[in-house]
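Q: Just need the structure, nothing else, for what follows:
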Amino acid sequence: MLMQFRNELMVAARRLLPARLAHRFARAEEAAAAVEFALVAAPFLALLFAIIETALVFFAGQSLETAATDSGRFIMTGQAQNAGYASVGSFKTNVLCPAIGTGGLFNCDNIQVDVQTYNQFSDITSTPPITNGQLDTSKMGYVPGGPGSIEVVRLYYQWPIYLSLLNNNLANLSNGNRLLVATSVFRNEPY
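A: Modelled structure (predicted):
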């Protein structure tokens, strides 16, 4: 009896050797799908959320471009000037916010508007008003100009970035947001 117990103990000890344990683990197929999913799930979900966030940023940028074009048309045709939208607040309330719509993509109060008049197209600069990684609203104005003047309508929106993969993200401001810029350049019609 003692000899049989000793043999069983030796067999059990051999089963517990690291090489045997690794071999048994590698051959076991119970819950293999769950283990494989656990290994792949985190990178897959991170990639999926990064794709969704990138798509939202591009969609928001395109929507802002459309709003810049539509609201710029009011200045180009003289409708904004003739309606008495002499301040950026009245322009945003009566022209820009209705052009953006109520879809919930943007908070219209957070859109910064810059309307400038230039003498020549070559005088226009395309540098965004950023100081120390932040949007500098002190460099913005609202000058809708008169008939025949060259106008630049710029819209700025700080889009929040939620997913940051290995610090390689879409943010281009120091607060972790992405500055979306939409521009419309035109010459006012002789209204």
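Q: just checking, what packs against the lengthiest helix in the chain?
A: When the chain is parsed with DSSP state H, its longest helix is helix 32-76. Contacts defined by 3 or more CB pairs under 8 Å, 6 or more residues apart in numbering; DSSP states H and E place helix 32-76 against helix 97-100, strand 150-160, strand 177-187. (Each C-beta comes from the backbone N, C-alpha and C, glycine too.)
Q: Could you check the shortest one and say which residues are buried?
A: Of the residues in helix 97-100, those with enough neighbours to count as buried (16 or more other CB atoms under 10 Å) are 97, 99-100.
Q: what's the answer for the second one, then?
A: Buried residues in strand 150-160, defined by neighbour count with 16+ other CB under 10 Å: 150-159.
Q: before we move on, back to that, quick check: mean pLDDT across the longest helix of the chain?
A: Averaged over helix 32-76, pLDDT sits at 90.
Q: How about stretch 164-184?
A: On average, stretch 164-184 scores 83.
Q: which residues sit against that stretch?
A: 46, 50, 53-54, 57, 60-61, 64-65, 67-69, 71-72, 126, 128, 130, 132-135, 152-161, 163 (CB atoms under 8 Å, 6 or more residues apart in numbering).
Q: Grab the most central residue of the protein for me.
A: Centroid-nearest residue in the chain, with CA atoms, centre = their mean: Val57, separated by 3.3 Å.
Q: check contacts around that residue.
A: 159, 161, 170, 178, 180 are the contacts of Val57 under CB under 8 Å, 6+ apart.
Q: ChimeraX command to pick out the buried ones of the residues you listed?
A: In ChimeraX syntax, the buried subset of the contacts of Val57 is picked out as below (16+ other CB under 10 Å):
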select :159,161,170,178,180
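Q: ok, Val64 touching Leu155?
A: One thing to correct before we go on: residue 64 is Leu, not Val. Yes. If you go by CB atoms under 8 Å, Leu64 and Leu155 touch, sitting 5.5 Å apart.
Q: thinking again about what came up before, could you dump the helices and strands packed on helix 32-76 into CSV with distance to Thr117 added?
A: What follows is the helices and strands packed on helix 32-76, written out as CSV (distance: least, CB to CB, whole Å):
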stretch, distance to Thr117
helix 97-100, 21
strand 150-160, 6
strand 177-187, 11
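Q: Nearest to Cys108 among those would be which one?
A: Of all the helices and strands packed on helix 32-76, helix 97-100 sits nearest to Cys108, with 4.1 Å by CB to CB.
Q: what sits up against the closest one?
A: In contact with helix 97-100 (CB under 8 Å, 6+ apart) are residues 63, 66-67, 70-71, 106, 108, 111.
Q: Make TSV from those and add distance to Tyr85 and neighbour count to it.
A: Below are these laid out as TSV (distance: CB to CB, whole Å; neighbours: other CB atoms under 10 Å):
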residue	distance to Tyr85	neighbour count
Ser63	22	19
Thr66	20	15
Ala67	15	25
Asp70	14	15
Ser71	10	27
Phe106	20	21
Cys108	15	16
Ile111	15	21
